[in-house]
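Asks: got a structure for you, letters missing:
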């Protein structure tokens, strides 16, 4: 069949939160494009094993590493073991995240902190570790035009406010400005940093929003394109952002949402 159009051969990718959903699909997509993949997980070892097996079926190498991305020491060990196995890395997809929803006046400080710690601080710790490795290694133009590529997983809620989910929305707004600031800081080193902002994607985390015809109909009223997103939609975007085909793209939030961020409820004039 020859090489894929988006060729990541010879590159090593770390995907956090890769045991299910979007992270699992991204890991598989990167492997199908030729990358070796570090499958990170925190609690779902069986899911991580399934992801690794799919990576191997795609003809690539997989390394499963457990780490809590909100723990600095565990993140440093994750990247140390990646270098130990593969020598370096070229791609980070900072995907691990969670929700702990509540009305704001009832939200506990623990629920606020946990979401910020994982969704925002966790992405920073992983980005920092990846950038350190990119700077240590330096350019490898025979492998990639960029010295390193980072894809942060954000959300349409970096732009769209979300009542009842203030910790989640705050974390994703933070991811957006963190990503842009890092992109500005390291562009001259040829390190490209972007984010994907998914809309409604068919994953277990939002099953209640799509598992019944009534719930799906309500959801589709917010999606001008007329369908719910699939995890492969996000994986395709991540592979493109990790490839040389997006080499002039940095500091961008790529909305993959079927038009949800276009505020479709205002189509009739508001």
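Replies: Received it, and whenever you're ready, just let me know what you need. What you see is a predicted model; the values in this text were computed from it and never measured.
Asks: Show me the longest helix that occurs in the chain.
Replies: helix 166-186 (DSSP state H).
Asks: Now whichever helix or strand comes after that helix: average pLDDT?
Replies: Once helix 166-186 ends, the next helix or strand along the chain (criterion: DSSP states H and E) is strand 191-198. In this model, strand 191-198 carries a mean pLDDT of 98.
Asks: So for strand 191-198, what gets flagged as buried?
Replies: 191, 192, 193, 194, 195, 196, 197, 198 (16 or more other CB atoms under 10 Å). Quick note: C-beta positions are derived from backbone N, CA and C, even for glycine.
Asks: so which two of those residues are the farthest from each other?
Replies: Farthest pair in those (CB to CB) is 191 and 198. Separation: 23.2 Å.
Asks: where do the strands sit along the stretch 101-250 of the chain?
Replies: Taking DSSP state E, counting those that start in this stretch as the criterion, the stretch 101-250 of the chain carries its strands at 148-153, 191-198.
Asks: out of those strands, nearest to residue 159?
Replies: Smallest distance to residue 159 across the strands of the stretch 101-250 of the chain (CB to CB): 7.2 Å, for strand 191-198.
Asks: which residues are in contact with stretch 74-81?
Replies: 14, 38, 40, 63, 65, 67-69, 89, 122, 125-126, 129-130, 133 (CB atoms under 8 Å, 6 or more residues apart in numbering).
Asks: Out of these, which sit inside helices?
Replies: Short answer: those in helices (DSSP H) are 122, 125, 126, 129, 130, 133.
Asks: Which one (most neighbours) among those residues?
Replies: Ranked by the number of neighbours (other CB atoms under 10 Å), the ones in helices among the contacts of stretch 74-81 place residue 122 first, at 28 neighbours.
Asks: That residue and residue 217, how far apart?
Replies: Distance of residue 122 to residue 217, given as CB to CB, to the nearest Å: 35 Å.
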